[in-house]
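Peer 1: task: produce atomic coordinates for the following.
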Amino acid sequence: MIGDRLNTRSTKTQEQQPGLIGHLVELRTRLLRIVISICIIFLPLAFFANDLYAILATPLLATMPQGTSMIATEVASPFLTPFKFALVLSVFLGMPVILYHFWTFIAPGLYGHERKMMMPLLAGSVVLFYSGVLFAYYAVFPLVFAFLASVAPEGVAVMTDISSYLDFVLKLFFAFGMAFEIPIVTIVLVWAGAATPDQLVSKRPYVVVTAFVLGMLLTPPDIISQTLLAVPMWLLFEIGVLISRMVVKNKAEREAAEPEASE
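Peer 2: Modelled structure (predicted):
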């Protein structure tokens, strides 16, 4: 009997191993395709790295005092910083390709209704992240940089280092991009059964406080940028709750229709 159990286990292991190896091979292939796609996007952007960085620096340059400019405090910064931004921009523009390969990798293991739900969520997450970045660039940056330039002490020349500026704006891009994902997080929590719309509504005061705390931690120490991050987070939470109510309603209708179909 022990021998039969050992044979059964070895048979199961032999059956599972090719499947595991196949998944690992597919994962490696998709990661390789993602890297190649990003490199293809990066190559043309690298030729225009300086021009792209100039566009990125426009909100700051527009608010700097007359006669001042950005500076480079490190020897290689004028060359490496624009290329760093071009690489980050390549990943940013390649996000649909990345999510497509992620989707095609996990889709075979999902049920039909899960596939119908996941695809809009992935597409919505891309759109919301891009929206957060654009909101930061066009709405937040001009106000923040104007405020920071206006509070500079007398006799202090405002001349920002290009590398420090890139790190600063990338941090804000990521903060606003992730903040705009709140509706997706809210919908997933309700869809997974971890919370209900009514439970989320009951936590609204805590959500508002958390939004302003995150705004304080993720943005510069000024009330303008903190508010411009916290208020959209709260509004996006309300949108997520509204959409999650529709998800619950559709789920209940589908579950009610399944017994009738089986009959």
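Peer 1: when you work out contacts or count neighbours from here on, use the C-alpha atoms and nothing else.
Peer 2: OK.
Peer 1: give me the number of residues near G112?
Peer 2: Neighbour count of G112, defined by other C-alpha atoms under 10 Å: 10.
Peer 1: how far away is V127 from P183?
Peer 2: 12 Å (C-alpha to C-alpha, to the nearest Å).
Peer 1: the more surrounded of the two?
Peer 2: The residue with more neighbours, out of V127 and P183, is P183; 26 against 15, by other C-alpha under 10 Å.
Peer 1: please, which helix or strand holds that one?
Peer 2: For P183, the host element (DSSP states H and E) is helix 182-191.
Peer 1: ditto for K251
Peer 2: Counting by DSSP H and E, K251 is part of helix 223-262.
Peer 1: which residues touch the helix holding P183?
Peer 2: 121, 124-125, 195-197, 233, 236-241, 243-244, 247-248 (C-alpha atoms under 8 Å, 6 or more residues apart in numbering).
Peer 1: my guess is L61 contacts S69. True?
Peer 2: Yes: L61 lies in contact with S69 (C-alpha atoms under 8 Å); the separation is 7.2 Å.
Peer 1: what about these two, which has more around it?
Peer 2: L61 (20 against 14).
Peer 1: so how far is S77 from the more buried one?
Peer 2: 18 Å.
Peer 1: next one: A175
Peer 2: Distance from A175 to S77, by C-alpha to C-alpha: 24 Å.
Peer 1: show me which of those two is the more surrounded one.
Peer 2: A175 (21 against 16).
Peer 1: element containing the more buried one?
Peer 2: helix 162-179.
Peer 1: the lowest-mean-pLDDT helix or strand in the chain: what's the following helix or strand?
Peer 2: Lowest by mean pLDDT, DSSP states H and E among the helices and strands of the chain is helix 2-47, with a mean of 72. The helix or strand immediately downstream of helix 2-47 is helix 49-61, counting by DSSP H and E.
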